[in-house]
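Colleague: quick one: sequence and predicted model below, then my questions.
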Amino acid sequence: MLQRLLRFRFSNQIGTKAVAQADLPIHLRAYDAKKYEVPSTKIKVTTGFAFLDVEPMPRARIMKLCYLILDKLRKEIPAEVIYRVYTEEKIKYIMRVTDQIEDIHRLEQEFGHYTIEKFIQALAGELELVDHMKYFKPWNIKNDDQSYEILKQRVIPQKFEPNIKPPREQQKFIN
């Protein structure tokens, strides 16, 4: 049943039966553009960060990224992997909060970020992290691997040593 719900996420009907969107958890509902693609009434001039533009509809961007992350997790990461379980729960929480809170400043406080744009940037990084996790598959590391032995080695922290030049021989240029 869950697979059927995921397959028809962006439609309002599953098969021939209409599904009440309010009855479904937020991560299984179809994306509601009317609800999330509403420009903020409080317009920011700048984010305060260089090369980081103001997001005109941050709730829509967050929800779209969350849907993308969930879809990618379900397709590419095995279900029993702790990373997938943790990330799915975190994304579901983000989706619930984004669905409930409409004020951007309250969202920033809830997520613990200075600006919502930085949070969106971090969420986009999470989407890239799924690709890295798929490639490296850290859940497949066996205890007999050499890489595991390297990870177990104690790392001695390097102390900062100032760059002291050795003394040079004094030369006279003019006699």
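Modeller: Received the coordinates, thanks.

Colleague: list the contacts of stretch 91-107.
Modeller: By C-beta atoms under 8 Å, 6 or more residues apart in numbering, the surrounding residues in contact with stretch 91-107 are 25-27, 35-36, 40, 42, 58-59, 62-63, 66, 69-70, 73, 110-111, 116, 119, 123, 126. In short, each C-beta sits where N, CA and C put it, glycine included.

Colleague: alpha carbons only: can I get that stretch in PDB?
Modeller: Extracted in PDB, the C-alpha atoms of stretch 91-107 (Å, rounded to 0.1, in the frame of the first residue of the first chain):
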ATOM      1  CA  ILE A  91      12.800  15.000   7.000                       C
ATOM      2  CA  LYS A  92       9.300  14.000   8.100                       C
ATOM      3  CA  TYR A  93       9.700  16.300  11.100                       C
ATOM      4  CA  ILE A  94      10.800  19.200   8.900                       C
ATOM      5  CA  MET A  95       7.800  18.600   6.600                       C
ATOM      6  CA  ARG A  96       5.400  18.600   9.600                       C
ATOM      7  CA  VAL A  97       6.800  21.800  11.000                       C
ATOM      8  CA  THR A  98       6.900  23.500   7.600                       C
ATOM      9  CA  ASP A  99       3.300  22.500   7.000                       C
ATOM     10  CA  GLN A 100       2.100  23.800  10.400                       C
ATOM     11  CA  ILE A 101       4.000  27.100  10.700                       C
ATOM     12  CA  GLU A 102       3.500  29.700   8.000                       C
ATOM     13  CA  ASP A 103       5.600  32.500   9.600                       C
ATOM     14  CA  ILE A 104       9.100  32.400   8.200                       C
ATOM     15  CA  HIS A 105      10.700  33.900  11.400                       C
ATOM     16  CA  ARG A 106       9.100  31.200  13.500                       C
ATOM     17  CA  LEU A 107      10.400  28.600  11.000                       C
END
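
Colleague: tell me which residues of it are tucked away?
Modeller: Residues of stretch 91-107 classed as buried: 91-92, 94-95, 98-99, 101, 104, 107 (neighbour count, 16 or more other C-beta atoms under 10 Å).

Colleague: point out where this protein drops to low pLDDT.
Modeller: 1-19, 40-41, 142-151, 157, 160-162, 175 (pLDDT under 70).
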